[in-house]
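K.L.:
Sequence and predicted structure, then a few things I'm wondering about:
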Amino acid sequence: MKLDYLHFSPDQPLPQVESRPHRAILIAESPVSQAWRDEVAAWLVQVGCLYFIAWGTDCEAWHDAVDWAVLQRFHFGEIPDDKFVMTTWHDEEPLSEALWFAGHCASHSEFELTETVIVHVSSHERRAELLALYRDSQHAENET
């Protein structure tokens, strides 16, 4: 399993990355404009996110933005199975549980998702800390 980390400062330009099937865990620690949230959501769908887990500030709005980005990509028509993006938000649970969920429950019907990307929306980068928290969460027992 490949694990990656991308840090996004609110309202900053998005990086150019290769499109590949993956699950994304968005950790939102900063409020953002709706326009930028929509831009990030469309970018996530474009670069191959097939399972989206939102946690943190306005996580339900992030969830909705990704759902809308998928609908818009297919002009509100039928979404092919291999392009369907499952979305969840986790506003009532600790980050460690959302991370555990990502590693143990977030799967796709058409692809084995072997890559997980932590998308961190914050004014401060926390790469080492969040990657370690994800790895630790995968060994924890699910208490729910």
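P.N.:
Perfect, thanks for sending it.
K.L.:
contacting residues for the nearest residue to V121 once chain neighbours are set aside?
P.N.:
Distances taken as CB to CB, 6 or more residues apart in numbering place A28 nearest to V121, at 4.6 Å, with adjacent residues excluded. No exception for glycine: its C-beta is placed from N, CA and C like everyone else's. A28 sits next to 54-59, 62, 121-122 when contact means CB atoms under 8 Å, 6 or more residues apart in numbering.
K.L.:
likewise A128?
P.N.:
A128 neighbours (CB under 8 Å, 6+ apart): none.
K.L.:
tell me the secondary structure for it?
P.N.:
Following DSSP: H, G, I helix; E, B strand; the rest coil, we place A128 in the helix state.
K.L.:
before we move on, what about H139?
P.N.:
coil.
K.L.:
Run a quick neighbour tally on it.
P.N.:
8 (other CB atoms under 10 Å).
K.L.:
quick one: it and L26, what's the gap?
P.N.:
Counting by CB to CB, to the nearest Å, the gap from H139 to L26 is 22 Å.
K.L.:
got it, and S33?
P.N.:
15 Å.
K.L.:
Between those two, point out the one with more neighbours.
P.N.:
When neighbours are counted by other CB under 10 Å, S33 and L26 differ, and L26 comes out ahead with 29 against 10.
K.L.:
That one: what's it in contact with?
P.N.:
44, 52-56, 59, 62, 119, 121.
K.L.:
do V121 as well
P.N.:
By CB under 8 Å, 6+ apart, V121 lies in contact with 8-10, 26-30, 32, 40, 56-57.
K.L.:
change it to 6 Å
P.N.:
For V121, the contacting residues are 8, 28, 30, by CB atoms under 6 Å, 6 or more residues apart in numbering.
K.L.:
possible to save these as JSON lines with distance to R20 and pLDDT?
P.N.:
Below are the contacts of V121 laid out as JSON lines (distance: CB to CB, whole Å; pLDDT from 0 to 100):
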{"residue": "F8", "distance to R20": "18", "pLDDT": "96"}
{"residue": "A28", "distance to R20": "23", "pLDDT": "98"}
{"residue": "S30", "distance to R20": "27", "pLDDT": "94"}
